[in-house]
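> here is my input; please provide its structure:
(one chain, ligands or ions: 2)
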Amino acid sequence: MTNLHHNLLRLKELRCNSGESPVATAQKVYLYLQPRLIPRSRSLASGRGAIEVALQSLDLICHLCAMHCLNANRDLVHSLTAAWPRVWKWLAFLHARCCENTWFDDVYRTRVLVIIPTVLGTLGVDEELRKAMTSTPGLITLIAKMWIAEENEGFEAPGSGILCVRALNELLHPYERPENCLENVISAAGDPDTVTRVALGRLEAEAASKNPNCDTLFVHISFVYTLSDARYPFSHHSFLCHNLIPVMVKILTSLVKQHPQSEAFPRCIMFCTGCLCDTLTLAKEPLRVCQMLDAGILPALLRAGGLMVDLEPKFAERGLTLLTEGLYKFLSYRSVLRSVAKSLRRIRRLDIGADIAGPLWEGFLVFKMTALDRLGVKKEFDEEHITTYKCHGPGCNRDDDSDDLMRCAGCLKIMYCGSQCQRQDWSTHKYCCKSSQKSMRDGIVSRMSKRDNEFRMSLLLHDFEKHAESITNMIQDTYPTISPSLLVTLIDYTSCPPNLKIQTVDFLGPSETCIWRSAIQKAEESGGQLTIIMAVFEAGRELGELLMTTTEVPELLKRRRLSILGGDACEPPLDQ
Ligand SMILES: [Zn+2]
Ligand SMILES: [Zn+2]
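Ligands and ions are numbered 1, 2, ... in the order given. As a prediction, this is how the structure comes out:
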């Protein structure tokens, strides 16, 4: 019997031997993976034998991990961690000499394309092992290269693609991701756009297949979620420009419609929503929010609410965050309000109510109430300023009467009544469309228009009047002796519902240097007739970018003050 046959027979025995501890078996397998056994040149006939034995040994290691839960078998994890350097040397060799620059006439190629991602995906599940693995230079690059190459060579090794995604998913674990991991994936692929195109393309292909497999779909969703991480702007903007938002909303919509009976279903929903939620939380560009609303996030989210109530209790919390933190903070943009109006009509048409939306319904009603109130302000504002959107098609000019114009999917700025107008306009629009796309890709937020700023001012005055009674009460309670002209009412629109606060003017800084000096002066000189209101619309903004104006002191407050002052002033002690 040759040495090779002997070794293969021995490995077979090890695989069947169930009496031994996994660590003891693993120790024996490591002997077949010693670095000195790696072939040094292509000429040696024994090289093929060594590769055959290594492939079987690696497969046996994966088998051991599959049979014994790594979480419960810490000894096995420690021994695997110690053996990792030799495993890695073999993997790097196999990749270099059997896949990239092959020494062996492609005979091992198909198997290597499967075994490398299988080993990485299996070992990468454990935190300790993952740490050892991801600190190995070249590892992420190697698996990322295999993942990208699979785009063209997928037919060679069926299943290799999804195994690569699974492995990368484990290794790029979001909570302990080593530095530069995403950068390594991007440089292996060439540029961020390639990463985005391949990752989103595969997700879409899986979602569009006739009977999408939820487990596979989940791996792709989770991978896109990881790669599009909003904390990495270079990657995040690339995903946004490749339609991350509509793709995710579409998948969410079709998942809740089909509601496949799969254990992975709730995870798919959680991750789709999580990805959209993170995108919104960090979004600065209101047009992205319009895109999400127009794609149908609200009906999809509400439907998911009812389906998820028994499956995943955390979903309600995530859905509410999306509504009350993510979407809500954009309700001061007219463009977003327009998309909300459209969504509300769609929800009514689909007859979605408390029975369908489950725990999300209450939160949705709060959101809806605010939205309707602001839509009222918007309607008045638009009528007064005669501003309506029009179709940009040459000579068309169709009005946006029932919010039925559609946004150009490239720049999101221009609207058309249909594809015919868009086609006719493209030869002129394309220049400005492309430059807008470039700005968005660079993360440049479109400047707020003068009209939008005026609209915010209308909203501020509207809300001040609406809350006049509580503002009056607050002033009476906290600053009963100070003239309303020396006070500032702060309306914080970043919380849902808006938060009201009263401050004295000192809060704005020393009056000589304050940029609102003239407004403060105006209020002071009015002697109690005018008061200052101020709004925060976006979290993290500089004080200088807030909105502030002076307005009349509410009638109610004036009356109450008069009666208090009057109590002292109008009843002088009787002159004896
Ligand atoms: Zn038109
Ligand atoms: Zn465009």
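> three-state assignment of the residue in the stretch 451-576 of the chain positioned nearest to ligand 2?
With C-beta to the ion as the measure, residue 452 is the residue of the stretch 451-576 of the chain nearest to ligand 2, at 19.3 Å. Glycine gets a C-beta too; all of them are placed from N, C-alpha and C. Residue 452 carries the three-state label helix when classified by DSSP: H, G, I helix; E, B strand; the rest coil.
> ranges for the strands of this protein?
406-407, 415-416, 487-492, 499-504, 530-536, 547-552 (DSSP state E).
> partners of the last one in the sheet?
Yep, that's strand 547-552 we're talking about. Strands that pair with strand 547-552, judged by DSSP bridges, come out as strand 530-536 (antiparallel).
> which residues sit against the strand it pairs with?
Taking contacts as C-beta atoms under 8 Å, 6 or more residues apart in numbering, the residues outside strand 530-536 that touch it are 456, 460-461, 464, 484-485, 487-494, 505, 516, 519-520, 522-523, 546-553.
> just those that are near ligand 2?
Of the entries in the contacts of strand 530-536, none also sits close to ligand 2 under the rule C-beta under 5 Å from the ion.
> of the residues you listed, keep whichever come out buried.
456, 460, 464, 484-485, 487-491, 493-494, 505, 516, 519-520, 523, 547-550, 553 (16 or more other C-beta atoms under 10 Å).
> picking up where we left off before, count of residues packed around the residue of the stretch 451-576 of the chain closest to ligand 2?
By the measure other C-beta atoms under 10 Å, the count of residues near residue 452 is 15.
> OK, contacts around residue 126?
If you count contacts by C-beta under 8 Å, 6+ apart, residue 126 has them with 70-71, 77.
> let's see it at 7 Å
With C-beta atoms under 7 Å, 6 or more residues apart in numbering as the criterion, the residues that contact residue 126 are 70, 77.
> so residue 251 versus residue 276, what's the distance?
Counting by C-beta to C-beta, to the nearest Å, the gap from residue 251 to residue 276 is 10 Å.
> same question but for residue 467, I mixed them up
31 Å.
> residue 495 too?
Per C-beta to C-beta, residue 495 is found 21 Å from residue 276.
> more neighbours: these two, which one.
Looking at residue 495 and residue 276 with other C-beta under 10 Å, you find the greater number of neighbours at residue 276, namely 25 against 13.
> with adjacent residues omitted, what lies nearest to the more buried one?
In space, and not counting its chain neighbours, residue 276 is closest to residue 248: 5.5 Å by C-beta to C-beta, 6 or more residues apart in numbering.
> burial measure for the one you found, as a count.
By other C-beta under 10 Å, the residues close to residue 248 number 29.
> same thing with the one 10 residues further on?
Residues within reach of residue 258, counting by other C-beta under 10 Å, total 12.
> before we move on, back to that, can you redo the strands of the chain as JSON lines, where the extra columns are mean pLDDT and distance to ligand 1?
Output for the strands of the chain, formatted as JSON lines (pLDDT from 0 to 100; distance: least, C-beta to the ion, whole Å):
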{"stretch": "strand 406-407", "mean pLDDT": "90", "distance to ligand 1": "10"}
{"stretch": "strand 415-416", "mean pLDDT": "92", "distance to ligand 1": "6"}
{"stretch": "strand 487-492", "mean pLDDT": "91", "distance to ligand 1": "39"}
{"stretch": "strand 499-504", "mean pLDDT": "91", "distance to ligand 1": "42"}
{"stretch": "strand 530-536", "mean pLDDT": "89", "distance to ligand 1": "36"}
{"stretch": "strand 547-552", "mean pLDDT": "85", "distance to ligand 1": "35"}
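> and of those strands, who's closest to residue 2?
Closest to residue 2 of the strands of the chain is strand 406-407 (C-beta to C-beta; 69.5 Å).
> ok, the closest one: who's next to it in the sheet?
Determined by DSSP bridges, the sheet partners of strand 406-407 are strand 415-416 (antiparallel).
> residues contacting residue 65?
When contacts are taken as C-beta under 7 Å, 6+ apart, residue 65 is in contact with 122-123.
> give me the pLDDT for it.
We note a pLDDT of 90 for residue 65 in this prediction.
> the closest residue to ligand 2 within the stretch 1-150 of the chain and residue 168: what is the separation?
When distances are taken as C-beta to the ion, the stretch 1-150 of the chain reaches nearest to ligand 2 at residue 148, 29.6 Å away. Spatial separation of residue 148 from residue 168 under the definition C-beta to C-beta is 11 Å.
> re earlier: touching, the residue of the stretch 451-576 of the chain closest to ligand 2 and residue 336? I think so.
No. Here residue 452 lies out of contact with residue 336, judged by C-beta atoms under 7 Å, at a distance of 10.2 Å.
> if we can go back for a sec, reformat the strands of the chain as TSV; add distance to residue 59.
Formatted as TSV, the strands of the chain follow (distance: least, C-beta to C-beta, whole Å):
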stretch	distance to residue 59
strand 406-407	52
strand 415-416	56
strand 487-492	59
strand 499-504	60
strand 530-536	59
strand 547-552	65
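> closest to residue 473 out of those?
Distance to residue 473, taken as C-beta to C-beta, is lowest for strand 499-504 among those, at 10.1 Å.
> how about the closest one: buried residues?
Residues of strand 499-504 classed as buried under the neighbour-count rule (16+ other C-beta under 10 Å) are residue 502.
> also stretch 375-383?
Of the residues in stretch 375-383, those buried by neighbour count under the rule 16+ other C-beta under 10 Å are 375, 377-378, 381-382.
> in stretch 246-261, what counts as buried?
Within stretch 246-261, the residues that count as buried by 16+ other C-beta under 10 Å are 247-253, 255-256.
> please disregard the earlier target; I meant stretch 224-239.
Of all the residues in stretch 224-239, those buried under the rule 16+ other C-beta under 10 Å are 224-230, 232, 235-239.
> stretch 205-213 too?
By 16+ other C-beta under 10 Å, the buried positions in stretch 205-213 come out as 206-207, 212.
> returning to that earlier point: nearest to ligand 2, of the buried residues of stretch 224-239?
Nearest to ligand 2, judged by C-beta to the ion, of the buried residues of stretch 224-239 is residue 237 at 16.9 Å.
> enumerate every residue touching the closest one.
441, 443.
> what does the pLDDT read for it?
89.
> also the one 10 residues further on?
pLDDT, the model's per-residue confidence, is 96 for residue 247.
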